[in-house]
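Colleague: Provide a 3D model corresponding to the input given below.
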Amino acid sequence: MELKQLGEFALIDLIKKDTIKNKGNVVLGIGDDAAALLPSPGQLQLVTTDMLVEQVHFDLRTTTPRQLGYKAIAVNLSDIAAMGGSPRHVVVSIALPKHLSVDFVVALYEGAKEICEEFNVNIVGGDTVASPQGLIINVTAMGEVAPEKLQKRSGASVGELLVVTGTLGDSGCGLDLLQKKEWKKYDFFMPLVTKHLVPLPQVEAGGKLASFGTTSMNDISDGLASEVNEIAKASQVGMRIYKDKIPLSSELRDASSRLDKSGIKYALYGGEDYQLVFTISSENFKLLSQGSDRLNLTVIGEVVEEQQGVRLVSEDGKETLLEPKGYNHFR
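Modeller: You can find the predicted model right below:
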């Protein structure tokens, strides 16, 4: 059945089922003109939004509706994690071509509900409209953070360590493989494609890092080079990043070799890894490192004086200026 046969209100009735995962902080969910929420005492409210546009952020030839619904929520939860917070609610607005099937939309919401279940997040509202061409999904996420744990980009100081979670570059390489239609050639390509299609936001890591005195934090959505430059600019400091310290997965090393590409370039400019980059004093990092194996932390550099700029240091000690050449919508 196509959407034009079902109609807007019947569609809303279909997708609003099973959207509340944590009833304790929801007074009213989907069904009234606005949701009514119960914030936790003493917590700051975090609000962020991200829009995904067909042929800009995704291609329906390379992603399933379920994967798309999952990712639309994940990219927003990643922003909440980068602020040191915990996600609580999302509002999902979607513009749909009339020819889409009802099954497609149901599958998309199944993906959204799957990740909301994983992180105990409620879907408390949204909008559904017709689109003359292409699919658009806009998600607004709300979270909470204790005032003393709030993370910003502007707190880095000279002498601190620059650290990342996880491995970098996997998503960018996964996108390359999807576009080249080569992702089925080798088994080790699949993890890279999966990281691009269904990224895992670092919610647990964000909260824990903020508890150990991190001084600035960003999620890596536009590539490491872009995110580090953002922290440096906001904090009015420079950064020195050691090329051989940037963590790459074994799958990325194998794939980049097969593709005759640089794994480091995927890490610096590929984007959509949704890992975290942060600064912290060496003393606090020692405390953080004790029992934090699950966070998979890697020190990749240090904070230096602003006039030194953001520089990449090669294995031979040669330094080059690292420009913020990650994804930019209007270039």
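
Colleague: For this protein, just list every one of the helices.
Modeller: Assignment of helices within the chain using DSSP state H yields the ranges 3-6, 8-15, 65-82, 102-118, 170-180, 190-197, 203-210, 224-235, 250-259, 263-265, 282-289.

Colleague: can I get those helices in a markdown table with mean neighbour count, distance to L161 and mean pLDDT?
Modeller: To be clear about C-beta, it is placed using only N, CA and C from the backbone, and glycine gets the same treatment. Output for the helices of the chain, formatted as a markdown table (neighbours: other CB atoms under 10 Å; distance: least, CB to CB, whole Å; pLDDT from 0 to 100):
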| stretch | mean neighbour count | distance to L161 | mean pLDDT |
| --- | --- | --- | --- |
| helix 3-6 | 14 | 51 | 74 |
| helix 8-15 | 14 | 45 | 78 |
| helix 65-82 | 25 | 17 | 97 |
| helix 102-118 | 19 | 30 | 95 |
| helix 170-180 | 22 | 23 | 92 |
| helix 190-197 | 21 | 25 | 95 |
| helix 203-210 | 22 | 12 | 96 |
| helix 224-235 | 22 | 13 | 97 |
| helix 250-259 | 18 | 24 | 93 |
| helix 263-265 | 20 | 20 | 96 |
| helix 282-289 | 14 | 5 | 95 |
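
Colleague: Columns distance to V313 on top of the ones you listed, output as a markdown table?
Modeller: Written out in a markdown table, the entries for the helices of the chain read as follows (distance: least, CB to CB, whole Å):
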| stretch | distance to V313 |
| --- | --- |
| helix 3-6 | 54 |
| helix 8-15 | 50 |
| helix 65-82 | 25 |
| helix 102-118 | 37 |
| helix 170-180 | 22 |
| helix 190-197 | 26 |
| helix 203-210 | 24 |
| helix 224-235 | 13 |
| helix 250-259 | 20 |
| helix 263-265 | 12 |
| helix 282-289 | 18 |
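
Colleague: between these, which one is nearest to K152?
Modeller: Comparing these by their distance to K152 (CB to CB), the top pick is helix 224-235, with 7.2 Å.

Colleague: what sits opposite the closest residue to D79 other than its chain neighbours in the beta ladder?
Modeller: For D79, ignoring the flanking residues on the chain, the nearest one in space by CB to CB, 6 or more residues apart in numbering is T48 at 4.0 Å. Beta-bridge partners recorded for T48 (DSSP bridges): A141.

Colleague: Tell me how many other residues surround T48.
Modeller: 20 (other CB atoms under 10 Å).

Colleague: was I right about it contacting A141?
Modeller: Yes. Between T48 and A141 a contact is recorded at 5.4 Å, counting by CB atoms under 8 Å.

Colleague: Can you pull the residues that touch both of the two?
Modeller: Overlap between the contact sets of T48 and A141, as judged by CB atoms under 8 Å, 6 or more residues apart in numbering, is given by 76, 79-80.
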